[in-house]
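# Sharing a model prediction with you, sequence too.
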Amino acid sequence: MSIVIAMDGPSGSGKSTVARKIAQAHGLSYLDTGAMYRAVAWWALHQGIDLNSGAEVVAAAQNIPLELSLDPLAQRFVCDGIDITQAIREPDLSKVVSLVAVNLDLRKVMLHWQQSIIQQETMPDGQSGGRGIVAEGRDITTVVAPDADVRVLLTASEEARLARRAKEVRGSDDAQNLAATRDEVVRRDAMDATVSQFMTAADGVHTIDSSHLNIEEVVEIVNQLIAKHHAVLATSSQMADEAEEAEQAQMLKSFLGEYELEPEDLTLLEDNYEVFSQSEVAGYPVLAIVGRPNVGKSTLVNRIVGKRVAVVQDEPGVTRDRVRYEAHWNGRPFTVVDTGGWELEVSGIDKSVALQSELAIAQSDAVLLVVDATVGITDTDEQIVRLLRKSGKPVVLAANKVDSFQQEADAALLWNLGLGQPFPVSALHGRGTGDLLDQVMKELPLESAVATKQPKNGPRRIALLGRPNVGKSSLLNKLAGENRVVVDPLAGTTRDPVDELIELDDRIWTFVDTAGIRRRVHQTRGADYYASLRTQGALAKAELGLALIDASQELTEQDIRVMQQIIDSGRAMVVVCNKWDLVDEERRYQLDRELERELVQMQWAERVNLSALTGWHTNRLTRAMDTALASWDKRISTGKLNAFLGELVAAKPHPVRSGKQPRILFAAQVANRPPKFVLFTSGFLDHGYRRFIERRLREGFGFSGSPIQISVRVREKRKRK
């Protein structure tokens, strides 16, 4: 949240040094208002203006070509192309600057200028990103920023101030320099005191006497005041929320006394807002499951996880990426990584799949090697064993497809791999998996050495969706800065949803790469059919959907269906126009017309043009996702909502239908994620009028990037007895 800190005080009290350190420590902008007066004085003298000529000085200030930096580490003043940062600190200028500072007409001009700078730095597009500003100078706490969040008056004894000022300006506090400084400081303070108050604190301003304190001690006191402000603000926010809930409860109670409601309506109006829960937890140990193709790795993954999460089909090469799932055994959580089949001397997509298996081994705490006991040891199995020994990871050997006691002799032959005891299991029937997992728990550490740390409440979950071959996997790899998933010109490369933790703009996000959504799910067969179902499930678990389209090609029915699927699922949405490096001026014009025509009901969606191949404009994704998720999370108080709708209906009432004009009696937001509104009316509302209300809600409260849902409950007023 933004904050404004105002620091006042006489010369030599240390306010400039303290203010700069506070701004630096909290990432805020820094404004030295005294330097602004010095710059005006320099400019007036540079123009040949007598500083006693008040009107001419004011005119000069109104037209001064001044560029000032608000960076506390690099304060710089450039006037008409001349760097005057040092010139305005010269003793000769310090002697005459008060002639400018006491000009009342000039102070009005400077006041407006300074207040506009402070206001700008509390906005999101300010130099500090809207975090706030530390402003210091005369009259800051009382005139320029009387409503600042933290107001401080720094003072000190005359002896301490003179000594500091002499060292600052003349480099020494010997007797001669003290005498020269005394004349300058005392005279200037006396002159400035005729038009401003900076020696005593006004109401609400904290006084800090720095006579016997060093800079670090003063900074610590100011930091305590800032911390206290944040604590009070948090408490006030909580009290405001409680007051709002009490107000809403009272309005609902009053409304229920006037109109009859069905039980389902009461449920809708209860203030139980939906909360999306994250399943991932930071620091879980990671178990990679590897083996050659078609030995039953994905089947074993489903058995360990306890449900059908991985696509399984009786043919090799179904799994291609390394896919993470959460699992538990005997109360211990861990992460299972399913991988594609590893093979030696392969090319194309098979080589990419094998590389993903090797990366899974490197980024795991332990490895579960799956071997087909009915086939025995193959050359590929022996190559995998060599790979595992080089990795140095703990390995557990699973002899799969041992469906009966008679087949356990086949499993015994796997001792020859040199990995210790082979555990006979049947992933299909669950036989022996308990003993296998007991051994896995012995090898897995309690805390992972490789798992990515996550925020306490879990990262936001983003699903990448689109038709096949629009660049979903390429975008995920580009954002991650490495090849996390398999990318191949073959359409439909991705089959299982792939969860990856990626850091963007100093935050951790969960991106989910999904299989391409095809024209008709029911027309697909085998692995592609189950991949489509997994994609739908991944969207249901996500908070936001990135709808990728190929900007170089004409918008298709499939693209529109993907976006509609995101909206139907109630998720926030960002439309990503990928492959922008292949788009020329003519295609850009055509694409704008296509989006305008086809997305007429989705104009609220955020849009980003980028190239996953080159990385162009991928840095704009975070801002678009933040905007959409903020809208998705947004709540409007019942009081604000009904006041807004009251003004809206008064300005444009519903058309009369059959001699009756339906009215909106009451409205409430009953949920967020996505925002859902219920309108209680005296009659049916036309769909066109509902769309009008939705459009005005978006204009009035935002909701950019998020669908909103509006339902209507028609109620007749209760007949009084």
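Good, I have the coordinates. Numbers count the residues shown, from 1 in each chain.

# List the buried residues of the helix or strand containing G688.
If you go by DSSP states H and E, G688 is part of helix 687-701. Going by neighbour count (16 or more other CB atoms under 10 Å), the buried part of helix 687-701 is 689, 693-694, 696-698, 701. C-beta coordinates here come from the backbone N, C-alpha and C atoms, glycine included.

# I'd like those residues as a markdown table, with pLDDT and distance to V109 appended.
Shown next, in a markdown table, are the buried residues of helix 687-701 (pLDDT from 0 to 100; distance: CB to CB, whole Å):
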| residue | pLDDT | distance to V109 |
| --- | --- | --- |
| Y689 | 93 | 51 |
| I693 | 94 | 46 |
| E694 | 93 | 46 |
| R696 | 93 | 41 |
| L697 | 93 | 42 |
| R698 | 92 | 40 |
| F701 | 91 | 37 |
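
# Render the CA-only coordinates of the helix holding G688 in PDB, please.
C-alpha atoms of helix 687-701 as PDB (Å, rounded to 0.1, in the frame of the first residue of the first chain):
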ATOM      1  CA  HIS A 687     -31.500 -10.100 -21.300                       C
ATOM      2  CA  GLY A 688     -30.500  -6.900 -23.000                       C
ATOM      3  CA  TYR A 689     -31.000  -5.000 -19.800                       C
ATOM      4  CA  ARG A 690     -29.000  -7.600 -17.900                       C
ATOM      5  CA  ARG A 691     -26.200  -7.100 -20.400                       C
ATOM      6  CA  PHE A 692     -26.500  -3.300 -19.900                       C
ATOM      7  CA  ILE A 693     -26.200  -3.800 -16.100                       C
ATOM      8  CA  GLU A 694     -23.100  -6.100 -16.600                       C
ATOM      9  CA  ARG A 695     -21.500  -3.500 -18.800                       C
ATOM     10  CA  ARG A 696     -22.100  -0.700 -16.400                       C
ATOM     11  CA  LEU A 697     -20.800  -2.800 -13.500                       C
ATOM     12  CA  ARG A 698     -17.600  -3.300 -15.400                       C
ATOM     13  CA  GLU A 699     -17.300   0.400 -16.100                       C
ATOM     14  CA  GLY A 700     -18.100   1.300 -12.500                       C
ATOM     15  CA  PHE A 701     -16.000  -1.300 -10.600                       C
END
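
# starting at the chain centroid, how far to it?
With CA atoms, centre = their mean, to the nearest Å as the basis, helix 687-701 stands 27 Å off its chain's centre.

# try stretch 117-132
Put simply, stretch 117-132 sits 18 Å off its chain's centre (CA atoms, centre = their mean).

# That stretch - what's its average pLDDT?
Across stretch 117-132, pLDDT averages out at 78.

# what does it contact?
If you take CB atoms under 8 Å, 6 or more residues apart in numbering as the criterion, stretch 117-132 is touched by 2-5, 26-29, 31, 70-71, 133, 135, 144-145, 149.

# let's see 6 Å
Applying CB atoms under 6 Å, 6 or more residues apart in numbering, the contact partners of stretch 117-132 are 2-4, 27-29, 31, 70, 133, 135, 145.

# and what of stretch 655-669?
255, 269, 636, 638, 641-642, 645, 649, 654, 677-683, 685.

# what's the most distant pair in the contacts of stretch 117-132?
The most widely separated members of these, counting by CB to CB, are G27 and A145 (18.9 Å).

# More neighbours: those two, which one.
A direct count of neighbours by other CB atoms under 10 Å for G27 and A145 places A145 higher, at 25 against 11.

# Ramachandran coordinates for the more buried one?
phi -130, psi 60 (degrees, to the nearest 10).

# Who are the contact partners of it?
Shown in contact with A145 (CB under 6 Å, 6+ apart): 4, 6, 118, 135.

# State the next helix or strand along the chain beyond the worst-scoring helix or strand of the chain on mean pLDDT.
Ranking every helix and strand in the chain by mean pLDDT, DSSP states H and E puts helix 263-269 at the bottom, with a mean of 49. Later in the chain than helix 263-269, the nearest helix or strand by DSSP H and E is strand 286-290.

# Adjacent strands (with direction) for that following strand?
Take DSSP bridges as the rule and strand 286-290 pairs in its sheet with strand 332-338 (parallel), strand 366-372 (parallel).

# between these, which gets the lowest average pLDDT?
Lowest mean pLDDT of these: strand 332-338, a mean of 88.

# Quick check: buried residues in that one?
Quick answer for strand 332-338 (16+ other CB under 10 Å): 334-338.

# who's the nearest residue to A624 once chain neighbours are set aside bridged to?
Leaving aside its sequence neighbours, A624 sits nearest to E606 (CB to CB, 6 or more residues apart in numbering; 4.2 Å). Per DSSP bridges, the residues bridged to E606 are V574.

# could you say what helices and strands whatever helix or strand T510 lives in packs with?
Take DSSP H and E as the rule and T510 turns out to sit in strand 507-513. Packing contacts for strand 507-513, counted by 3 or more CB pairs under 6 Å, 6 or more residues apart in numbering; DSSP states H and E, involve strand 460-465, helix 472-480, strand 498-504.

# quick one: that strand to strand 460-465, angle?
Strand 507-513 runs at 30 degrees relative to strand 460-465, counting by axes from the mean of the first three to the mean of the last three CA atoms, to 10 degrees.

# Send me strand 507-513 as CSV with only the CA atoms.
What follows is strand 507-513, C-alpha atoms only, in CSV (Å, rounded to 0.1, in the frame of the first residue of the first chain):
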residue,chain,number,x,y,z
ARG,A,507,6.8,-14.2,-7.3
ILE,A,508,6.2,-17.9,-7.7
TRP,A,509,3.4,-19.0,-10.0
THR,A,510,2.1,-22.4,-10.9
PHE,A,511,1.7,-22.8,-14.7
VAL,A,512,-0.2,-25.8,-16.0
ASP,A,513,0.6,-26.8,-19.6
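
# That strand: which residues count as buried?
Using 16+ other CB under 10 Å as the burial criterion, the residues of strand 507-513 that qualify are 508-513.

# swap in stretch 141-151?
141-145, 148-151.

# Looking at these, which one is closest to D568?
Here the nearest of the buried residues of stretch 141-151 to D568, counting by CB to CB, is D149; it sits at 44.1 Å.

# Could you list which of the contacts of stretch 117-132 belong to strands?
Judged by DSSP state E, the contacts of stretch 117-132 include 3-4, 29, 31, 133, 135 as members of strands.

# got these as a markdown table, with neighbour count and distance to H212 columns?
Shown next, in a markdown table, are the ones in strands among the contacts of stretch 117-132 (neighbours: other CB atoms under 10 Å; distance: CB to CB, whole Å):
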| residue | neighbour count | distance to H212 |
| --- | --- | --- |
| I3 | 18 | 28 |
| V4 | 20 | 29 |
| S29 | 23 | 31 |
| L31 | 27 | 28 |
| I133 | 28 | 29 |
| A135 | 29 | 26 |
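
# by contact count, what packs against the helix or strand where A41 lies?
For A41, the host element (DSSP H and E) is helix 33-46. Contact partners of helix 33-46 among helices and strands, from 3+ CB pairs under 6 Å, 6+ apart: helix 54-62, helix 91-101.

# what are the phi and psi values for the spatially most central residue of the chain?
The residue lying closest to the centre of the chain (CA atoms, centre = their mean) is D626, at 4.8 Å. Dihedral pair for D626: phi -60, psi -40, per degrees, to the nearest 10.

# ok, now how distant is it from S569?
According to CB to CB, to the nearest Å, D626 stands 20 Å off from S569.

# Near L73, how many other residues are there?
9.

# name the element it belongs to?
Per DSSP H and E: nothing holds L73, as it lies in no helix or strand.

# Need the contacts of stretch 117-132 in a markdown table (columns: distance to L419).
Below are the contacts of stretch 117-132 laid out as a markdown table (distance: CB to CB, whole Å):
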| residue | distance to L419 |
| --- | --- |
| S2 | 59 |
| I3 | 60 |
| V4 | 65 |
| G27 | 53 |
| L28 | 59 |
| S29 | 61 |
| L31 | 68 |
| L70 | 63 |
| I133 | 63 |
| A135 | 68 |
| A145 | 71 |
